[in-house]
Each structure stands twice: as C-alpha cells, then as structure tokens.
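Peer 1: Compute the structure for the input listed below.
(one chain, ligands or ions: 2)
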Amino acid sequence: MCESAGLEPVGRVTQRLAHPHPKHYVGRGKLEEIKERIALDAIDVVVTDDELAPRMQATLDEEMKLKVVDRTAVILDIFAQRARTHEGRIQVELAQYEFTLPRLRTIWEEFDRTGGGIGTRGPGQTQLERDRSRIRRRITQLKREIERVRQHRQRVRRRRRQGGMPLAALVGYTNVGKTSLLNALTSPSTQRFSKAAPRSPQARTADAPFVTLDPLTRVMEVDGGQQVLVSDTVGFISKLPHALVAAFRATLEELSEADLLLHVVDITDERAEQCADIVRETLGELDLADKPTMLVLNKADNAPIGDVLALLDRIKRGQRENELEPVVTSAETGEGLGILKAGIERWVSSRSPRVHVVIPYERSELVDLFYRRGHPARTGYSERGTEIEGTIPGSLVRVFQPYFDVRPRSGQGEDGPLPDRRLG
Ligand SMILES: Nc1nc2c(ncn2[C@@H]2O[C@H](COP(=O)(O)OP(=O)(O)OP(=O)(O)O)[C@@H](O)[C@H]2O)c(=O)[nH]1
Ligand SMILES: [Mg+2]
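Peer 2: Residues are numbered from 1 along each chain as shown. Ligands and ions are numbered 1, 2, ... in the order given. You can find the predicted model right below:
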C-alpha cells in the first residue's frame, strides 16, 4: 500500500503490545529504536499500520521530528489518486475532510505552541476557526451532492428491479480479481449465445490495491439464456477506515440490492482465510451478513492444486449458513468460469423473484402458466394485454423475461416510494 501511495519502503518495525501505547503508539524503548533508525537510514516518512488518534499523531511527529502518516491517511491517499468519476471524487473528498477535521486542532495548537500564537487567541486560533468553518461548509455541500448521487442510484436500481433481472455482486478483499472476473464473465468468448449490444470496453484491473472505486454493472448470460446482472465494487481491506465506509455509502448500498454476493478470495494469498474473514466482518458491518453468498476461490492457475484442495476443504468446514457451495476459478485462464455460471444459474432457478409482466392477449397460455406455477398477487387487463404482478419460480424467469414490464411508471414522481399500483 505504501508503494501504491508513492512511498519507497525501506523497512518495517513491529512490536507486540496488548494495546497501542496511549501517548506514542509504540513503547518508549521501541520509539527510541525507531528514532535511531530514522537518523541512520535518512528516513523522511514513518507510516503506522493503525489509525492514530490526533493527539498521538502530534506526539509522534514531535518525537520523530518528521511526518508520521497513519494507515488511514495512506488508504485515503490511494483512493484520492484512483478516483476518476465525479461520484468517486466527491466520496473521497468527503472522507478526507471527515478525517482531517478532528485533526485540525492539533495542527494549529502545534503552531501556537511553537510561537505562532500570542496570548490566548493567537493567529493560529482564528485561522483554525476559519479553516474549520470552511471545511464544515464543504462537508455539508459534499453530503448534499452525495445524497443526490444516492438517489440517482436508487432510481436506476428500482428501474432495474422492474426489469426483474437478478443481481449478483462481486465483493472481496482488494486485489483478489473481482474486476478481472467481471470482465471474464461478461466477455464475448463466454457469451457465445448472447445477442447483446456491442460490448463496453474492459474494466480496468491492475496488481495494486483499490483499482476499482466505482461500481460497474454488466449483463451476463448463463446457460439457458437467462440474463443476470453482475456488478463490481470497491474492495475491502482490514481496518477499513470508518470515514471511508461512511463516505462510500452510496457506492456500497449497491450491495444491499444484490440478490447474491460472489465473495472472491485470492487463493495465492497466504492470508486468504484471514482476508475472507475480514470481508465477512465488513459485510456484517454493512448489514449484509445474511445475504446468500457464494465463495469464489480465484487465481487457481497460480496455486498448486494440493494447496487449492486443502484451502477448499478448510473453507467448506467453516462455511456459514448463508454460504453456498464454493467454486474454484481463474479469471486469467477461464478455468472454473463455467462451473461458476452453472452455480449462479442453479441459484437463480431456486428462488422466486417478484415480477410484473404484461402478456399480450394472443399468448394466453402464458397467463395459464403463471397461474399454475407462480403466485399472482394482482391481475388486470389493459390495452397492452393481461398484466400480472406476483412471484414466479426462478426457472421460469427466462420464459417471462420478454414480457417484463419495464415502462417507467407514468404520473409518479420518480423519487417517491414504489407505488402500490392497482391494475386494470
Ligand atoms: N494469475 C492470476 N492473476 C489474476 C487472476 N485474476 C486476477 N488476477 C490479477 O490480479 C490483479 C488484481 O486483479 P483485479 O481484477 O484488478 O482485482 P480487484 O479485486 O478488482 O482489485 P481492486 O479493484 O483493486 O480491489 C491483476 O494484476 C490481475 O491480472 C487469476 O485468476 N489468476
Ligand atoms: Mg477492481
């Protein structure tokens, strides 16, 4: 991560403590050791692997006579570098300000103490007040903007829902191959039967953390022609800064709409299991712990088969109730993608989505089918045909898909709650 943030690591110092030292993070002896190292190796930046309380940060800066940067600042920096879209940018900016605001006081207190302040209300104090209110104003502005983005996303999702297509979301630790899988699953070679429109370019992947910040959704066709939406999103990491989770709510909310989570694990990572647990924890914090989830053990091309099987075995033993049969894949070689798709297909067939269909009068056998196999909640007749709202078995989604009602609902404010529409 330090490299991704543009730093050149020269070494790592560790210490085992039950709790970080309240004043200077590491113990006194370790601190002296680090100070010696700084002088010896001409180090200009020290990075801590935890978020530092503002006071702690100030103490460390002073002790080490250089800039101490914490884990959160590094992650925020990488996010800021990567943010390409408007949505990504404003979310990162909000996270940065939320992170900076409580730290401003210490910055200016430091300024006062080192001679900047005269009396009790030195220039530092007034500058601090000015900075603070400027940042607060910007935070309010950003939050308003993000709220707009959120509502827009909600509308898009709602429209999608009316289309009735199931949504599978790729989640996982950063750099495990989520975007590569999205590309592989929706690429033409795996979509031989697709009559889909010209394809969008491949989404960006790279061997670095947080390459993807914006959720991207594509249509995938599984066996039998059923279409499933697959979305990609920002990767997780241990000790994901709270400011980021809060700021990226609009992006992460996309996950709550998913019908199925594809939890991708990098099996070549020696910490694969810990990473999987961190992802499970993060999903828990986002209230997604109970979503149906399929573990996807990726990068199989790069791991000895023995290791893969051993990991698969351990993962199966620790499988949670909401977790389906895990699959082993390689986004690189395409290995296992067929099995993954078949798994998704099986899952899609086993659930009963709620749909709204408009069946032309000349296809009345489909109305019969809906009544025999599904659960119609409301039926009505219009100039377009028989309109039915209700649930159908997943295996019939393909049959009814051409008749899904995808018209924008007229006369309704798009922001309002889904109208409880009477048909007929
Ligand atoms: N050998 C091998 N490498 C893979 C595989 N899948 C992805 N990679 C590589 O792993 C790196 C990360 O892939 P991405 O698809 O960007 O990973 P991601 O999970 O989207 O990462 P973030 O968006 O940064 O969180 C890239 O260098 C990929 O080429 C695979 O199946 N096998
Ligand atoms: Mg990605």
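
Peer 1: alpha carbons only for contacts and neighbour counts from here, please
Peer 2: OK.

Peer 1: Could I get the buried residue list for the helix or strand hosting Phe79?
Peer 2: For Phe79, the element it lies in under DSSP states H and E is helix 71-82. Judged by neighbour count (16 or more other CA atoms under 10 Å), helix 71-82 contains these buried residues: 71-80, 82.

Peer 1: hmm, who's touching it?
Peer 2: Helix 71-82 is contacted from outside by 1-2, 4-5, 47-51, 89, 92-93, 95-96, 210-213, 240-241, 244, using CA atoms under 8 Å, 6 or more residues apart in numbering.

Peer 1: Helix, strand, or coil at Gly6?
Peer 2: coil (DSSP: H, G, I helix; E, B strand; the rest coil).

Peer 1: and stretch 286-293, how far apart are its ends?
Peer 2: End-to-end span of stretch 286-293 (CA to CA, to the nearest Å): 14 Å.

Peer 1: hmm, back to that, export the buried residues of helix 71-82 to JSON lines and append columns for pLDDT and distance to ligand 1.
Peer 2: Formatted as JSON lines, these follow (pLDDT from 0 to 100; distance: CA to the nearest ligand atom, whole Å):
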{"residue": "Arg71", "pLDDT": "93", "distance to ligand 1": "17"}
{"residue": "Thr72", "pLDDT": "93", "distance to ligand 1": "16"}
{"residue": "Ala73", "pLDDT": "92", "distance to ligand 1": "17"}
{"residue": "Val74", "pLDDT": "92", "distance to ligand 1": "15"}
{"residue": "Ile75", "pLDDT": "91", "distance to ligand 1": "12"}
{"residue": "Leu76", "pLDDT": "91", "distance to ligand 1": "14"}
{"residue": "Asp77", "pLDDT": "90", "distance to ligand 1": "14"}
{"residue": "Ile78", "pLDDT": "89", "distance to ligand 1": "10"}
{"residue": "Phe79", "pLDDT": "88", "distance to ligand 1": "10"}
{"residue": "Ala80", "pLDDT": "89", "distance to ligand 1": "13"}
{"residue": "Arg82", "pLDDT": "85", "distance to ligand 1": "10"}
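
Peer 1: So which of the residues you listed would count as near ligand 2 as well?
Peer 2: Among the buried residues of helix 71-82, not one lies near ligand 2 by CA under 5 Å from the ion.

Peer 1: distance of Tyr93 from ligand 1?
Peer 2: Small correction: residue 93 is Glu, not Tyr. Glu93 sits 19 Å away from ligand 1, going by CA to the nearest ligand atom, to the nearest Å.

Peer 1: hmm, I was thinking of Gln226
Peer 2: With CA to the nearest ligand atom as the criterion, Gln226 and ligand 1 are 25 Å apart.

Peer 1: now swap in Pro241 and tell me
Peer 2: From Pro241 to ligand 1 the distance is 15 Å (CA to the nearest ligand atom).

Peer 1: what's near enough to touch that residue?
Peer 2: Counted by CA under 8 Å, 6+ apart, Pro241 has contacts 51, 72.

Peer 1: go on, Leu283?
Peer 2: Leu283 neighbours (CA under 8 Å, 6+ apart): Ala289.

Peer 1: Please give the element, helix or strand, for it.
Peer 2: Under the criterion of DSSP H and E, Leu283 resides in helix 272-285.

Peer 1: tell me how far that helix is from the chain's mean position?
Peer 2: Its chain's average C-alpha position is 13 Å from that of helix 272-285, according to CA atoms, centre = their mean, to the nearest Å.

Peer 1: Tell me the helix or strand right after that helix.
Peer 2: Next element after helix 272-285 (DSSP H and E): strand 293-298.

Peer 1: tell me the angle of that following strand relative to helix 272-285?
Peer 2: In terms of direction (axes from the mean of the first three to the mean of the last three CA atoms, to 10 degrees), strand 293-298 departs from helix 272-285 by 150 degrees.

Peer 1: what bits of the protein have low per-residue confidence?
Peer 2: Where the chain drops to pLDDT under 70, the residues are 105-125, 161-164, 188-201, 224, 407-424.

Peer 1: Quick check: residues of it near ligand 2?
Peer 2: That would be 179, 212, which are the residues of the chain within reach of ligand 2 (CA under 5 Å from the ion).

Peer 1: how about a cut-off of 8 Å?
Peer 2: With CA under 8 Å from the ion as the criterion, the chain comes near ligand 2 at residues 174-175, 177-180, 203-206, 210-213, 232-235.

Peer 1: which of the residues you listed are buried?
Peer 2: Among those, those classed as buried by 16+ other CA under 10 Å are 174-175, 177-180, 205, 210-213, 232-235.

Peer 1: Which ones, among the residues you listed, also lie beside ligand 1?
Peer 2: On the criterion CA under 6 Å from any ligand atom, 174-175, 177-180, 205, 210-212, 234-235 are the entries of these that sit beside ligand 1.

Peer 1: what about the residue nearest to Asp405 when sequence neighbours are not counted, which helix or strand?
Peer 2: In space, and not counting its chain neighbours, Asp405 is closest to Val357: 5.2 Å by CA to CA, 6 or more residues apart in numbering. Assigned by DSSP H and E, Val357 belongs to strand 354-359.

Peer 1: how far does that strand sit from the chain's center?
Peer 2: On the basis of CA atoms, centre = their mean, strand 354-359 sits 31 Å off its chain's mean C-alpha point.

Peer 1: which outside residues touch it?
Peer 2: Contacts for strand 354-359 (CA under 8 Å, 6+ apart): 162-164, 366-367, 384-392, 400, 403-405.

Peer 1: Can you select the buried ones among these for me in ChimeraX?
Peer 2: In ChimeraX syntax, the buried subset of the contacts of strand 354-359 is picked out as below (16+ other CA under 10 Å):
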select :162,163,164,366,367,385,386,387,388,389,390,391,392,400,403,404,405
